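Chemist: after the sequence you'll find the predicted model.
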Amino acid sequence: MRPLQISPDTAVKLAEALNVPLERLMHMPQHILLQKMMELAKQEQEASDNNTPDKQE
């Protein structure tokens, strides 16, 4: 399996966000990486939804 085709800056940011070593990230299968990115986005969305008060008038 060949390494992911992403820029070094993107790889470093993703490794930090997903809390995985950079080497592991670069050899992670693409479908697993996409799944982890979707989970991360969902967590961030839930966190932002919890931090913004609902506007009920």
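Modeler: Here it is on my side, so go on.
Chemist: so who does the residue nearest the centre of the chain touch?
Modeler: Nearest residue to the geometric centre of the chain (C-alpha atoms, centre = their mean): residue 37, 3.4 Å. Residue 37 sits next to 14, 18 when contact means C-beta atoms under 8 Å, 6 or more residues apart in numbering. Just so you know, the C-beta spots here come from the backbone N, C-alpha and C atoms, and that holds for glycine as well.
Chemist: what segments of the chain are helices?
Modeler: For the chain, the helices defined by DSSP state H cover 8-18, 22-26, 30-51.
Chemist: rebuild those as JSON lines, extending it with distance to residue 2.
Modeler: Formatted as JSON lines, the helices of the chain follow (distance: least, C-beta to C-beta, whole Å):
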{"stretch": "helix 8-18", "distance to residue 2": "14"}
{"stretch": "helix 22-26", "distance to residue 2": "10"}
{"stretch": "helix 30-51", "distance to residue 2": "10"}
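Chemist: could those helices go into CSV alongside mean pLDDT?
Modeler: Shown next, in CSV, are the helices of the chain (pLDDT from 0 to 100):
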stretch, mean pLDDT
helix 8-18, 91
helix 22-26, 91
helix 30-51, 89
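Chemist: residues near residue 28, how many?
Modeler: Residue 28 is flanked by 20 other residues according to other C-beta atoms under 10 Å.
Chemist: any idea how far it is from residue 49?
Modeler: Distance of residue 28 to residue 49, computed by C-beta to C-beta, to the nearest Å: 28 Å.
Chemist: before we move on, what about residue 31?
Modeler: Computed as C-beta to C-beta, the residue 31 to residue 49 distance reads 27 Å.
Chemist: now residue 34
Modeler: The span separating residue 34 from residue 49 equals 22 Å under the rule C-beta to C-beta.
Chemist: residue 40 now?
Modeler: Counting by C-beta to C-beta - residue 40 and residue 49 are separated by 15 Å.
Chemist: who's more crowded, those two?
Modeler: Ranked by neighbour count (other C-beta under 10 Å), residue 40 and residue 49 place residue 40 first, with 14 against 9.
Chemist: contact partners for that one?
Modeler: 17, 18.
Chemist: then residue 21?
Modeler: Per C-beta under 8 Å, 6+ apart, neighbours of residue 21: residue 15.
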